[in-house]
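Engineer: quick one: sequence and predicted model below, then my questions.
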Amino acid sequence: MNNSHSSNQVGPELTPFSRLVAMLAGMALQHLGRIPDPATGRLQKRLADAQTIIDVIEDLQRKTRGNLEPGEESFLAETVTSLRFTFVAALNEEEAEQPPSGPKPDRPPAESTVSWKPEKSAPPSESPAGGKTSQDESKIRFRKSYG
């Protein structure tokens, strides 16, 4: 009898890469206060830590683009999207929990807390051959900001 795979397993087996993404997503969900911390058994929100983990997963997505199996790529994309929405919801909940008579928060209103701001690349410069660099090098790059 082979005990390496559970007979009640649902869905396809996760690849090692997908397990890594799932592990990181679980850590992000803990910091978003969606699943209890295994050490304390309590829900705790640490949005800065959650943001860091989401950024790491996004880096993995960017750096592995084109090198993953189709199932891994879709799992990664769905995970990133889900974590982004969950982060925004947790941020909105935290802002709603603040007393209305207290001091105003230092950040903008909730609807603008997640934005991808354009980051301009360096202006075209002279290439070694004396001509201008390609148009692709002067395109605007986008940068995300959670708050």
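Structural biologist: Nice, I can see it.
Engineer: need the helix or strand of this protein with the lowest average pLDDT.
Structural biologist: The helix or strand with the lowest mean pLDDT-type score in the chain, counting by mean pLDDT, DSSP states H and E, is strand 115-119 (a mean of 43).
Engineer: next, find the distance separating Ala77 from Leu43.
Structural biologist: Taking CB to CB, to the nearest Å as the criterion, Ala77 is separated from Leu43 by 27 Å. Bear in mind the C-beta positions are built from the backbone N, C-alpha and C, glycine included.
Engineer: then Ala90?
Structural biologist: Counting by CB to CB - Ala90 and Leu43 are separated by 11 Å.
Engineer: pLDDT weak spots in the chain?
Structural biologist: The chain contains residues with pLDDT under 70 at 1-12, 100-147.
Engineer: scan it for its longest helix.
Structural biologist: In the chain, assigned by DSSP state H, the helix with the most residues is helix 70-97.
Engineer: and that helix, what does it pack onto?
Structural biologist: Judged by 3 or more CB pairs under 8 Å, 6 or more residues apart in numbering; DSSP states H and E, the packing partners of helix 70-97 are helix 16-31, helix 47-64.
Engineer: list the buried residues for the last one?
Structural biologist: Of the residues in helix 47-64, Leu47, Ala50, Gln51, Ile53, Ile54, Ile57, Leu60, Gln61 count as buried by neighbour count, 16 or more other CB atoms under 10 Å.
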